[in-house]
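Novice: fold the stuff below for me.
(3 chains)
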Amino acid sequence: MPEPLLDVRDLRVRFRTRQGLVTAVDGLSFSVAPGEVLGVVGESGSGKSVSMLAVLRLLTNPNVTVSGEVRFRGRDLLTLPDKEMRAVRGREIAMVFQDPMTALTPVYTVGWQIAEQIRAHERISRKEAETRAVRLLSDVGIPDAASRVHAYPHEFSGGMRQRAVIAMALSCDPALLIADEPTTALDVTVQAQILDLMRELNTQGSAMVLITHDMGVVSQIADRVLVLYGGRAAEEGPRRAVFHGPRHPYTWGLLDSVPRVGGPRLRRLPTIAGVPVSPGALPEGCAFAPRCRLRHDRCAERPVLTPGDVASHLDACWLPPDDRAGLRLTARAAGGEQSGEHGEKQSEKQGRDTEVAS
Amino acid sequence: MLVFALKRFGSALLVMFAISVLVFLIFFATPGVDPAARIAGRNADAATLAQVRHSFGLDRPLPVRYLLMMRHLLIDRDLESFVNRGSKVIPQIVQATPVTLSLVMGAALIWMTAGILMGTAAATLRGKAADPLIMLVGVVGVSLPAYWLGEVVNLLTQKQFHDSLFSWVPPPGYVGLGQNPGQWALHMLFPWLTLALLYAGIYARLLRGEVVTALGEDYVRTARAKGLSERRILLRHALRCSLIPIVSLFGLDFGALVGGAALLTEVVFGLPGIGKLTYDALQNLDLPVIMGTVLYAAFFVVLANALVDILYARLDPRARHA
Amino acid sequence: MTHTVTTAPSTGARRSPGPWRTAASDLLRNRSALAAAAVLLLVVLATVCAPLYANHLAHTDPFQSDVSGTTVVDGKRVPVLTPSSTGLGLGVTPIGPTWDPAHYFLGADNQGRDVMARLLYGGRTSLFIGVTAALLTCALGTAVGVVAGYTGGVVDSVISRILDVIWAFPVYLLAICLSVVLLTNGLKLGPVTVEAGSLWLPITIIAAIYVPYIARPLRGQVLVLRNKEYIQAAIGSGAPTLRILRREVLPNVVPTAIVFVPLMTALAMLTESALSFLSVGVQPPDASWGTIIQDGLGLLYTRPAVTIAPGLLIALTTAALNVLGDGVRDALDPSARLRGGM
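Specialist: Residues are numbered from 1 along each chain as shown, chains lettered A, B, ... in the order given. Below you'll find the model as predicted:
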């Protein structure tokens, strides 16, 4: 593996709330290699957005404490002076947020806002910056960019705005792009277009962290997948390995709850029983244990990420490392018994590995 | 665009008409109120009352009286006071206007500067000791009765410290800007500060809330992710967006103050402005003067509102299409 | 309504407290709001004790002028009023503050009445008018806002236009106009009769002129609510209007209205004092802090305490109300904005 571009070690994010200290990210470690796309998946509240905001030091609320180490090109971003951190933001690491409707300042034109970012990092004239904004907008597929550059955010549709936000993020050729659910707020057809755009970007060489709760999106463009649960990494590995041989019971649940084209018709889509763990009430041991059908005594102890069949495919689970596929069937059967009626239907699925619709 | 302007103009006229009718009704149609009795004096007999009623045209039907008054005020421009017969209303208003404008414009300049500085500072220093301190100043400003503050200022500058600290303060009154700009400013200084303190408090509190809200918006996070400096994020993004509601309130307040809401400050500092004129007229129930000043007030309120609409569209691109 | 109650997905073991309880606990940990409430309580207690002070400590009738009275200062008997030494000697100079609670603590006014006792009684009037007018305005404004916002159509247009006109007009000017007119004969409006000189006159006037301050924001809120899916669903399912108003609309509007109450009380008290200062508010023999300031005006340069004390009390009370109001706002509805007092 080449020298990682971003290397996060033992990241911990805590919020002080009225219910006391809440741990949103609990000792998370991961890395992104240059040119790589890392897909970060998990339910809402699993800490995926918060961890990325922490990487860029965008958690400005005084009630938040961040600890750990975030190495980017050899420097620890968490201890960087503010001024140097600002030079990293937008120029070396850019971020795209979930809701394009509110991500742009309503009172300035789109072009102005792109030019503002360029001029924050490079000494170029206003005119040059604007020319570059036009080129960026047309690069991300906005028709008639030369005149749209003077439009205000509210004059753009949702998809156009997300394109504009992406254009802005790309304006300084960042080495890493963090996209926080970039397609969630958009129509399905627009989602596909934005994903295409992001895939194209990746072929041009920028590394990417894609945060999503949509396994379908991950399966389309991620090189590696990181599954988060309760602010901790549950599983991490190459995309094919995670999708074809998922090792963590939580990942099983995630994959099983995706409807498949061409699969058997299910009367009801399987879901993961129980509710997501509350960051305020993380259990001592495995965070997923309360919802896990295969939990056992060992689960009271916190599992660590350990390699399974291959060195690059890790998971944090106390189940025996070999024959996870068999255990997955057992778990499904247990789920089937529990929900009774469609146990049979589910067993039809058992023979095959889950391949998510793509 | 033309249609919009016409509609805007039409609604402005409607508001002025509505205000004039409202005030006319308050004074002429409130049950149990008889302007003639006021004019004739406390112990007037029935004959005197009837005579007064006739000579002031108070015996005619209400709509006729309204129209007559409006005609004298707007078309013939010769409406006369009930109390000081022969003294015309319009010249009085014309004379009082520059006084009020001096007071309100100077105060507005001070309070907007102070309010924006205080509000922004408090919002950025949130969580530090300075924030509640600044806001306390704001609360005090909002809570002081303006007229009382004026009296206390008078007490301090004219009596208590008149021979030492404030020996340079002239006695209350007004000197025209054209006559002597230095004296004008000197005479207006304390009225300005008194009036401005109240509004600075209001605007600082309002702006702080807006800026705090804005700083939590997604676009501020985007701006931060772009690598902008905190200063630029605050001034060009958060404050810029927070000013939009402030401007519309400013228009209302400015219009109201020029229209006579600065009455208490004017009375306390002996400034012969519109507010004082209205107040004196109210004391004597001098209806023509009241109608004149009220219409004048309505005019400024409407004018200020129109200006705000224009300014609003300049500040908020989203409003340009509505 | 934006209740920012972060209900983290719980495991079901913990039930999240209701919005009212959350607001109450928020308010209880807001130190400045608590301090403000304590100040208010103190002021109210003091005014409640006004007769105790007047009858048992100061032994004076604050409403009876006492031109030839005497009192005791440092063991010596001195007159309450002395002929003025300045000018033509026609006026009188009342006794200044003695700082002796039993004998003209804050001095006397130009009719020889105990200023301290008058302050306590005046506070009753000022607080009564402020609170009553604020409650009336909030109730009336909520009703108007809800009706306009919920009914829509012509009713809404008419109400909104009227509100716009009053909203745009300088509010003090309107209050003074109404007061001047109604001062002599009182108000007879259908079944409502308000005697001239009664405290209810300024209350009614103040309550009326501030209705747009409450009604306009609430109308906007109801307008937004009405287009919400759950209200549309309730309408679509044929629920009676009154029921929808009571069950779905009011619970969303009432917190905002409650936020406005303390802020409105402050505004009403300031307005009352201004009207009284211009002698078109509270009428003698009643006294309020505003009328006491007005009484003290002639003595401003000789006995400033008569003017300064009531002004300070007004400032203290309204400041406490504003701080408390801010606290209630932060706890109940952070987005609520009241024009003027904010």
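Novice: make it CA atoms for all contacts and neighbour counts henceforth
Specialist: Fine.
Novice: residue numbers of chain A in contact with chain B?
Specialist: Within chain A, the residues that sit near chain B (CA under 8 Å from any CA of the partner chain) are A:56, A:58, A:85-91, A:94-97, A:102-108, A:117, A:120-121, A:152, A:154, A:169.
Novice: can you get me a residue count around the closest residue to chain B within the stretch 201-350 of chain A?
Specialist: Closest residue of the stretch 201-350 of chain A to chain B, CA to the nearest CA: residue A:209 (14.9 Å). Using other CA atoms under 10 Å in any protein chain shown, residue A:209 has 22 other residues around it.
Novice: count of neighbours near residue B:61?
Specialist: 9.
Novice: so, low pLDDT: which residues of the stretch 251-358 of chain A?
Specialist: A:260-269, A:335-358 (pLDDT under 70).
Novice: show me where it has strands.
Specialist: Here the stretch 251-358 of chain A has its strands, by DSSP state E, counting those that start in this stretch, at A:306-307, A:314-315.
Novice: do the same with chain C
Specialist: Listed in chain order, the strands of chain C (DSSP state E) span C:70-73, C:76-79, C:81-83, C:92-94, C:187-189, C:192-194.
Novice: can I get the ones you listed in JSON lines including distance to residue C:30?
Specialist: As requested, the strands of chain C are exported to JSON lines (distance: least, CA to CA, whole Å):
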{"stretch": "strand C:70-73", "distance to residue C:30": "45"}
{"stretch": "strand C:76-79", "distance to residue C:30": "49"}
{"stretch": "strand C:81-83", "distance to residue C:30": "48"}
{"stretch": "strand C:92-94", "distance to residue C:30": "44"}
{"stretch": "strand C:187-189", "distance to residue C:30": "43"}
{"stretch": "strand C:192-194", "distance to residue C:30": "41"}
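Novice: helix, strand or coil for the residue minimising distance to the centre of chain B?
Specialist: With distances taken as CA atoms, centre = their mean, chain B has residue B:257 as the residue nearest its mean C-alpha position (0.6 Å). What DSSP: H, G, I helix; E, B strand; the rest coil gives for residue B:257 is helix.
Novice: spatially nearest residue to it (excluding sequence neighbours)?
Specialist: Nearest residue to residue B:257, sequence neighbours excluded (CA to CA, 6 or more residues apart in numbering or on different chains): residue B:104, at 6.5 Å.
Novice: okay, and the one you found sits in which element?
Specialist: Using DSSP states H and E, residue B:104 maps to helix B:89-124.
Novice: same check, this time on residue A:66
Specialist: strand A:64-72.
Novice: do that strand and chain C meet?
Specialist: No. Shown here: strand A:64-72 not in contact with chain C (CA under 8 Å from any CA), separated by at least 15.1 Å.
Novice: what does that strand contact?
Specialist: With contact meaning CA atoms under 8 Å, 6 or more residues apart in numbering or on different chains, strand A:64-72 is reached by A:5-16, A:27, A:54-55, A:76-78.
Novice: if we can go back for a sec, now render the strands of chain C as CSV, adding distance to residue B:17 and mean neighbour count.
Specialist: Formatted as CSV, these follow (distance: least, CA to CA, whole Å; neighbours: other CA atoms under 10 Å in any protein chain shown):
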stretch, distance to residue B:17, mean neighbour count
strand C:70-73, 59, 15
strand C:76-79, 58, 12
strand C:81-83, 53, 18
strand C:92-94, 50, 22
strand C:187-189, 24, 15
strand C:192-194, 28, 13
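Novice: which one, of those, ends up nearest to chain B?
Specialist: Closest to chain B of the strands of chain C, according to CA to the nearest CA: strand C:187-189, at 6.7 Å.
Novice: quick check, that closest one touching chain B?
Specialist: Yes. Strand C:187-189 lies within reach of chain B by CA under 8 Å from any CA, at C:187-188.
Novice: quick one on the thing from earlier: ok, the residue nearest to the centre of chain B to residue B:13 distance?
Specialist: 20 Å (CA to CA, to the nearest Å).
Novice: interface residues of the stretch 151-300 of chain C facing chain B?
Specialist: Counting by CA under 8 Å from any CA, the stretch 151-300 of chain C sits next to chain B at C:165, C:168-173, C:176-178, C:180-182, C:184-188, C:266, C:270, C:273-274, C:293, C:300.
Novice: of these, buried ones?
Specialist: Buried by 16 or more other CA atoms under 10 Å in any protein chain shown: C:165, C:168-173, C:176-178, C:180-182, C:184-187, C:266, C:270, C:273-274, C:293, C:300, out of those.
Novice: phi and psi next, for the residue of the stretch 201-350 of chain A found nearest chain C.
Specialist: Of all residues in the stretch 201-350 of chain A, residue A:278 sits closest to chain C, at 5.3 Å by CA to the nearest CA. Backbone dihedrals for residue A:278, given as degrees, to the nearest 10, come out at phi -80, psi 130.
Novice: give me the neighbour count for it.
Specialist: For residue A:278, the neighbour count with other CA under 10 Å is 22.
Novice: quick one: it and residue A:287 touch, right?
Specialist: No. In this structure, residue A:278 is not within contact of residue A:287 by CA atoms under 8 Å, at 9.6 Å.
Novice: overlap in contacts, those two.
Specialist: Common neighbours of residue A:278 and residue A:287 (CA under 8 Å, 6+ apart) are residue A:230.
Novice: show me the contact partners of stretch B:143-151.
Specialist: Stretch B:143-151 has contacts (CA under 8 Å, 6+ apart) with B:191, B:194-195, B:198, B:264-265, B:268-269, C:266, C:270, C:273-274, C:293, C:300, C:307-308, C:311-312, C:314-316, C:318-319, C:322.
Novice: list the buried ones in that stretch?
Specialist: The neighbour-count check on stretch B:143-151 (16+ other CA under 10 Å) flags B:143-151 as buried.
Novice: nearest spatial neighbour of the residue in the stretch 101-250 of chain C that chain B sits nearest to, skipping sequence neighbours?
Specialist: For the stretch 101-250 of chain C and chain B, the shortest gap (CA to the nearest CA) falls at residue C:170, measuring 4.8 Å. Nearest non-adjacent residue to residue C:170, counting by CA to CA, 6+ apart: residue B:256, 4.8 Å away.
Novice: now do the same for that neighbour: its pLDDT.
Specialist: In this prediction, residue B:256 carries a pLDDT score of 85.
Novice: and it, how many neighbours?
Specialist: By other CA under 10 Å, 27 other residues sit near residue B:256.
Novice: my guess is it contacts residue C:173, does it?
Specialist: No. Using CA under 8 Å, residue B:256 makes no contact with residue C:173, being 9.2 Å away.
Novice: and the gap between residue B:149 and residue B:248?
Specialist: Distance of residue B:149 to residue B:248, given as CA to CA: 27 Å.
Novice: quick one: contacts of the least confident helix or strand in chain B by mean pLDDT?
Specialist: Of all helical and strand segments in chain B, the minimum by mean pLDDT, DSSP states H and E falls on helix B:35-40, at a mean of 71. Residues outside helix B:35-40 that contact it (CA under 8 Å, 6+ apart): B:27-28, B:44, B:48-49, B:52-53, B:58, B:82-83, B:285.
Novice: JSON lines for those, including neighbour count, distance to chain C and pLDDT?
Specialist: Below are the contacts of helix B:35-40 laid out as JSON lines (neighbours: other CA atoms under 10 Å in any protein chain shown; distance: CA to the nearest CA, whole Å; pLDDT from 0 to 100):
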{"residue": "B:27", "neighbour count": "22", "distance to chain C": "6", "pLDDT": "80"}
{"residue": "B:28", "neighbour count": "18", "distance to chain C": "9", "pLDDT": "79"}
{"residue": "B:44", "neighbour count": "15", "distance to chain C": "16", "pLDDT": "72"}
{"residue": "B:48", "neighbour count": "15", "distance to chain C": "20", "pLDDT": "81"}
{"residue": "B:49", "neighbour count": "20", "distance to chain C": "17", "pLDDT": "79"}
{"residue": "B:52", "neighbour count": "19", "distance to chain C": "19", "pLDDT": "79"}
{"residue": "B:53", "neighbour count": "19", "distance to chain C": "18", "pLDDT": "79"}
{"residue": "B:58", "neighbour count": "17", "distance to chain C": "16", "pLDDT": "77"}
{"residue": "B:82", "neighbour count": "20", "distance to chain C": "16", "pLDDT": "77"}
{"residue": "B:83", "neighbour count": "15", "distance to chain C": "16", "pLDDT": "76"}
{"residue": "B:285", "neighbour count": "21", "distance to chain C": "8", "pLDDT": "78"}
